[in-house]
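>>> sequence? don't have it. structure:
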């Protein structure tokens, strides 16, 4: 195994010819260019011709290294991992194409980050590789995009502020999406389809998918508010509807708490919902939103490789409120906001900066989360390089 400090590259963007991988590569071109702190990075994928075309289309330097690797060829993945300190992968659904790459990274002690929102597969990888990754030093960092960075780090930062103000963490936190504009891509639709097929073949995945503690093997916390039914949220002063990404985000928030030794407490309760408005109009909107979640992609789901246009990405945004509730009823509010379409424009920036933060991290290896490995260091990078804001609110 090549020593990490002697490897040829800092970061390889694997899947750079795909829709989201291309956006990640664009982030490095746009954000770092020829700057002094630019990482040594490369683009990887199955086809050299396609890699060359994308390199030229996004305006990357002509000498940007290109690496050919195939998700079905373990030898090529190991060879790729031996050349870099960090692999950023957008090649999903990960339950179909991710097994070999995670294994290769664990074997070679290479750090890894992805955009996975597939908790059944994530739990399988935890069970298979957590101890081996600790031994090799590989940090396997799932869910390094809109699921679940704003939520994982939003709770992390709120609890930091709660400890500063109250001397202890908030035992109850609500994640409430105040506003969001963005679209689904074919990759998101394909991941959900793959998950449904996996459940049909492996019924043992059902309790993992259903439990907020599905990613904390050996620990089962208190009964959690599920956020599955529209309700009036008195702390927010508005009606709230179920949020489609809550099932993955809540699991990652609990895994961060678990891996860090329960700094939020072992009695910690957390849920996520989307806010509408107050009064009867808000109630109707919340009920309508809940109905839409039964078929989030509509009659014609997008195909893999499809996604929002450049204009749609540019005009997208999100605004998430976190409400910490103390035992005496006192509250503390914290906001996380992002520019750009959350699932792609912002996600590509988040994945890129997760890779940069991993380069500087001293965290031990294992299968974890952005919050467990990187915490506040990643928050600073996202504010400086990805146009997210994290702030205490009145």
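In hand now; what should we look at? This structure is a prediction, so every number in the text was calculated from the model and none was measured.
>>> next, count neighbours for the closest residue to residue 194 other than its chain neighbours.
Computed as Cβ to Cβ, 6 or more residues apart in numbering, the closest residue to residue 194 that is not its neighbour in sequence is residue 93, at 4.1 Å. For glycine as for every other residue, the C-beta is placed from the backbone atoms N, C-alpha and C. For residue 93, the count of nearby residues is 23 (other Cβ atoms under 10 Å).
>>> show me where this protein has its strands.
Ranges of strands within the chain are 9-14, 41-45, 66-68, 84-89, 111-113, 139-141, 172-181, 231-233, 238-242, 269-275, 317-325, 331-339, 366-368, 388-393, based on DSSP state E.
>>> will you turn those strands into JSON lines that also has mean pLDDT, distance to residue 3 and mean neighbour count?
Converted to JSON lines, the strands of the chain look like this (pLDDT from 0 to 100; distance: least, Cβ to Cβ, whole Å; neighbours: other Cβ atoms under 10 Å):
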{"stretch": "strand 9-14", "mean pLDDT": "98", "distance to residue 3": "14", "mean neighbour count": "24"}
{"stretch": "strand 41-45", "mean pLDDT": "98", "distance to residue 3": "19", "mean neighbour count": "25"}
{"stretch": "strand 66-68", "mean pLDDT": "98", "distance to residue 3": "19", "mean neighbour count": "18"}
{"stretch": "strand 84-89", "mean pLDDT": "98", "distance to residue 3": "10", "mean neighbour count": "28"}
{"stretch": "strand 111-113", "mean pLDDT": "98", "distance to residue 3": "14", "mean neighbour count": "28"}
{"stretch": "strand 139-141", "mean pLDDT": "98", "distance to residue 3": "16", "mean neighbour count": "27"}
{"stretch": "strand 172-181", "mean pLDDT": "97", "distance to residue 3": "41", "mean neighbour count": "19"}
{"stretch": "strand 231-233", "mean pLDDT": "97", "distance to residue 3": "52", "mean neighbour count": "16"}
{"stretch": "strand 238-242", "mean pLDDT": "96", "distance to residue 3": "48", "mean neighbour count": "24"}
{"stretch": "strand 269-275", "mean pLDDT": "97", "distance to residue 3": "40", "mean neighbour count": "25"}
{"stretch": "strand 317-325", "mean pLDDT": "98", "distance to residue 3": "40", "mean neighbour count": "21"}
{"stretch": "strand 331-339", "mean pLDDT": "98", "distance to residue 3": "37", "mean neighbour count": "20"}
{"stretch": "strand 366-368", "mean pLDDT": "98", "distance to residue 3": "20", "mean neighbour count": "26"}
{"stretch": "strand 388-393", "mean pLDDT": "98", "distance to residue 3": "34", "mean neighbour count": "16"}
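>>> let me have these in a markdown table, adding distance to residue 195 as columns.
Shown next, in a markdown table, are these (distance: least, Cβ to Cβ, whole Å):
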| stretch | distance to residue 195 |
| --- | --- |
| strand 9-14 | 22 |
| strand 41-45 | 24 |
| strand 66-68 | 29 |
| strand 84-89 | 18 |
| strand 111-113 | 20 |
| strand 139-141 | 19 |
| strand 172-181 | 22 |
| strand 231-233 | 26 |
| strand 238-242 | 17 |
| strand 269-275 | 18 |
| strand 317-325 | 23 |
| strand 331-339 | 25 |
| strand 366-368 | 18 |
| strand 388-393 | 27 |
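>>> right, I'll leave it there.
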